[in-house]
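Participant: task: produce atomic coordinates for the following.
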Amino acid sequence: MFPPAKHTNILILLFIGVLMGALDISIVGPAIPSIEKTMHVGGRDLSWIYSIYILFNLVGISLMAKMSDTFGRRWIYVAAVAIFGLGSLVVSVSHDITLLLIGRAIQGFGSSGIFPVAIAVVGDIYPVEKRGRALGLIGAVFGIAFILGPFIAGFMLLYFDWNALFLINIPIAILLIVFAVRMLPSVRLEKKPAIDWTGIVLMAVILTSFTLAMNNIDTKNLVESFGSWTVLPFVMLTVLLTPVLLMLEKHQQEPVLNVKLFNSRQVRIVGFIAFGLGLFQSTIVFLPKLAVDLFGVGPSKASFMLLPVVMATALGSPLGGRLVDKLGSRIIIISGLVIASIALFIFSMLTQNLAIYYTAEACLGFGLAMRSSLSYIMLNEVPVLERASTQGILLIFISIGQLTGAALIGAIAATTPGKTTGYGIAFLVMTLLSVFLIFLAFFLKNRKQEFAVQEVI
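Facilitator: Numbers count the residues shown, from 1 in each chain. Model prediction:
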């Protein structure tokens, strides 16, 4: 355990690393018009600038997380930041869409090791009674990134080309590497580890297939697109290979997906809630469109109307983290789900009262801030040597929920007479799912039981 004096410096290092990765999601939007103008590409190619980052992030999570548990946090964090910096360099010098997408893929793969390793390091250096506030601060990064990203991009695009938005990552990555080598914990291996390459490859194929299937669904022609060659083969691969992966992982010496962890009721419930959290996060994508339909504003103003969600998430994450340390994770998760349910129900009513609409956005942001509590539970429930791997699994559950939610809401809205009515029905479905998750959350361990488990581990 590191001396308390070093905890703050390590937390700042981790915070900046996660912020760097999160900013490269939020700054893409403002850069899209400049990229479109300089590269002369269409909407489908432009959408892949965002999607390919998410895809390679999702594919790399299991590998990076497992390597962190095997070889130590320091060198995998350094490798992840270095890969991210390399991807940023490729993007910054690209002048055609192919090289740009290659760079974004490298960035996404690098970022896949930054967040799970950061969470695992928090578990390594902080005792159970202080982890909540540290996790809350890291969880706030995503809200902060979505506030700063458009502002930074807008300012820099006044004076520089869009390439500069990614070039700035390189000196930051170099500094992170220098300080990570000095500060982060590491381990010395006494024997050569067994890497579950079969499981890693299978999981990558499954996640890639699922992502491609969800991204290729045409919600306006749902039935036809589901049976198309751009969707159906990937759905079949996902369905067929998932049970194969689960069977193989039961017999691996050091599995990338430890199926035995799901024997724990606590872990199973967290998995369901993480998937639900991803579903609820996906609703944010549709809020600008809902604002356009309800209030008749333009797309630009509708995007700015997301500010209450973003600010509530940024403020709610550190606040929730501190409350976890005092009250335990169960009450924070239940409270978050209740608040999110209220927000989703208000959206389902299609209110045209702007004050109520903004209140619902703020409630949704505070509800989603419970994410750090899920990381907290997983850190407490698993041995030290599986902390990063289980954080990777948690991220995968959330990402699958996000992809599923986006497809589900789009499908309901597209197949319902009157698009605005369709969004109302979709938000009502989300409300019912949230109520079910509230019921599940009551079966999580209380504060006393969490401390008892930690003492055993």
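
Participant: contact partners for residue 374?
Facilitator: 270, 273-274, 277, 329, 333, 394 (C-beta atoms under 8 Å, 6 or more residues apart in numbering). No exception for glycine: its C-beta is placed from N, CA and C like everyone else's.

Participant: what's the closest of those residues to residue 158?
Facilitator: residue 277 (36.3 Å; C-beta to C-beta).

Participant: just the buried residues of the helix or strand the closest one falls within, please?
Facilitator: Element membership for residue 277, per DSSP states H and E: helix 265-282. Burial within helix 265-282, assessed by neighbour count using 16 or more other C-beta atoms under 10 Å, is assigned to 266-267, 269-282.

Participant: just give me the least confident of the contacts of residue 374.
Facilitator: Within the contacts of residue 374, the minimum per-residue pLDDT falls on residue 394 (88).

Participant: if you count neighbours, what's buried in the helix or strand containing that residue?
Facilitator: In this structure, residue 394 sits in helix 387-414 according to DSSP H and E. By 16+ other C-beta under 10 Å, the buried positions in helix 387-414 come out as 387-413.

Participant: got it, and stretch 143-158?
Facilitator: 143-146, 148-150, 152-153, 156-157.

Participant: now stretch 228-240
Facilitator: 231, 234-235, 237-238.

Participant: dump those residues into JSON lines; add pLDDT, secondary structure and distance to residue 165 as well.
Facilitator: JSON lines is the format used below for the buried residues of stretch 228-240 (pLDDT from 0 to 100; DSSP: H, G, I helix; E, B strand; the rest coil; distance: C-beta to C-beta, whole Å):
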{"residue": "231", "pLDDT": "87", "secondary structure": "coil", "distance to residue 165": "33"}
{"residue": "234", "pLDDT": "92", "secondary structure": "helix", "distance to residue 165": "32"}
{"residue": "235", "pLDDT": "91", "secondary structure": "helix", "distance to residue 165": "36"}
{"residue": "237", "pLDDT": "93", "secondary structure": "helix", "distance to residue 165": "35"}
{"residue": "238", "pLDDT": "93", "secondary structure": "helix", "distance to residue 165": "34"}
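
Participant: and the host helix or strand of residue 33, what does it pack onto?
Facilitator: Using DSSP H and E, residue 33 falls within helix 28-39. Secondary-structure packing of helix 28-39 (3 or more C-beta pairs under 8 Å, 6 or more residues apart in numbering; DSSP states H and E): helix 43-71, helix 97-111, helix 131-157.

Participant: turn the ones you listed into TSV, columns for mean pLDDT.
Facilitator: Compiled in TSV, the helices and strands packed on helix 28-39 are given as follows (pLDDT from 0 to 100):
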stretch	mean pLDDT
helix 43-71	79
helix 97-111	92
helix 131-157	81
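
Participant: what's the angle between the helix holding residue 277 and helix 131-157?
Facilitator: Orientation check (axes from the mean of the first three to the mean of the last three C-alpha atoms, to 10 degrees): helix 265-282 against helix 131-157 gives 20 degrees.

Participant: and the closest residue to residue 323 other than its chain neighbours, how many neighbours?
Facilitator: Leaving aside its sequence neighbours, residue 323 sits nearest to residue 332 (C-beta to C-beta, 6 or more residues apart in numbering; 5.6 Å). The number of residues packed near residue 332 is 26, by other C-beta atoms under 10 Å.

Participant: check the offset of the helix holding residue 277 from the chain's centre.
Facilitator: 12 Å (C-alpha atoms, centre = their mean, to the nearest Å).

Participant: returning to that earlier point: list the buried ones in the helix holding residue 33?
Facilitator: 28, 30-32, 34-36, 39.

Participant: low-confidence stretches in the stretch 101-250 of the chain?
Facilitator: 187-194, 219-220, 222 (pLDDT under 70).

Participant: one more time with 90, if that's ok
Facilitator: 115-165, 168, 183-201, 203-204, 207-208, 210-231, 248-250 (pLDDT under 90).

Participant: does residue 78 lie in a helix or a strand, and which?
Facilitator: Counting by DSSP H and E, residue 78 is part of helix 73-93.

Participant: CA atoms of that helix as CSV?
Facilitator: Extracted in CSV, the C-alpha atoms of helix 73-93 (Å, rounded to 0.1, in the frame of the first residue of the first chain):
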residue,chain,number,x,y,z
ARG,A,73,-0.4,-1.7,-13.6
ARG,A,74,2.6,0.5,-14.4
TRP,A,75,3.8,-0.9,-17.7
ILE,A,76,0.4,-1.6,-19.2
TYR,A,77,-0.7,1.9,-18.3
VAL,A,78,2.4,3.3,-19.9
ALA,A,79,1.8,1.1,-23.0
ALA,A,80,-1.8,2.2,-23.2
VAL,A,81,-0.9,5.9,-23.1
ALA,A,82,1.9,5.4,-25.6
ILE,A,83,-0.5,3.6,-28.0
PHE,A,84,-3.0,6.4,-27.6
GLY,A,85,-0.3,9.0,-28.3
LEU,A,86,0.8,7.1,-31.4
GLY,A,87,-2.8,7.1,-32.6
SER,A,88,-3.1,10.8,-31.9
LEU,A,89,0.1,11.4,-34.0
VAL,A,90,-1.4,9.4,-36.9
VAL,A,91,-4.7,11.3,-36.8
SER,A,92,-2.9,14.7,-36.6
VAL,A,93,-0.9,14.0,-39.8
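
Participant: walk me through the domains of the chain.
Facilitator: 1-185, 203-253, 255-457 (automatic domain parsing).

Participant: tell me which of these sits nearest to residue 195.
Facilitator: The nearest among the domains of the chain, by C-beta to C-beta, is domain 1-185 at 6.9 Å.

Participant: circling back: let me have the domains of the chain in CSV, extended by distance to residue 197.
Facilitator: Compiled in CSV, the domains of the chain are given as follows (distance: least, C-beta to C-beta, whole Å):
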stretch, distance to residue 197
domain 1-185, 9
domain 203-253, 10
domain 255-457, 9
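
Participant: CSV please, covering the buried residues of stretch 143-158 and showing distance to residue 74.
Facilitator: Listed next are the buried residues of stretch 143-158 as CSV, based on distance: C-beta to C-beta, whole Å:
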residue, distance to residue 74
143, 28
144, 25
145, 24
146, 29
148, 27
149, 28
150, 33
152, 29
153, 32
156, 32
157, 36
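
Participant: name the nearest of those residues relative to residue 290.
Facilitator: Nearest to residue 290 among these: residue 146, at 17.7 Å, using C-beta to C-beta.

Participant: right, and that closest one touches residue 308 too?
Facilitator: No. Under the criterion of C-beta atoms under 8 Å, residue 146 is not in contact with residue 308, lying 11.9 Å apart.

Participant: circling back: what residues of the helix holding residue 78 count as buried?
Facilitator: By 16+ other C-beta under 10 Å, the buried positions in helix 73-93 come out as 73-92.

Participant: and it, how far out from the chain's middle?
Facilitator: 19 Å.

Participant: angle of it against helix 28-39?
Facilitator: 40 degrees.

Participant: between helix 73-93 and helix 97-111, how many degrees?
Facilitator: 160 degrees.
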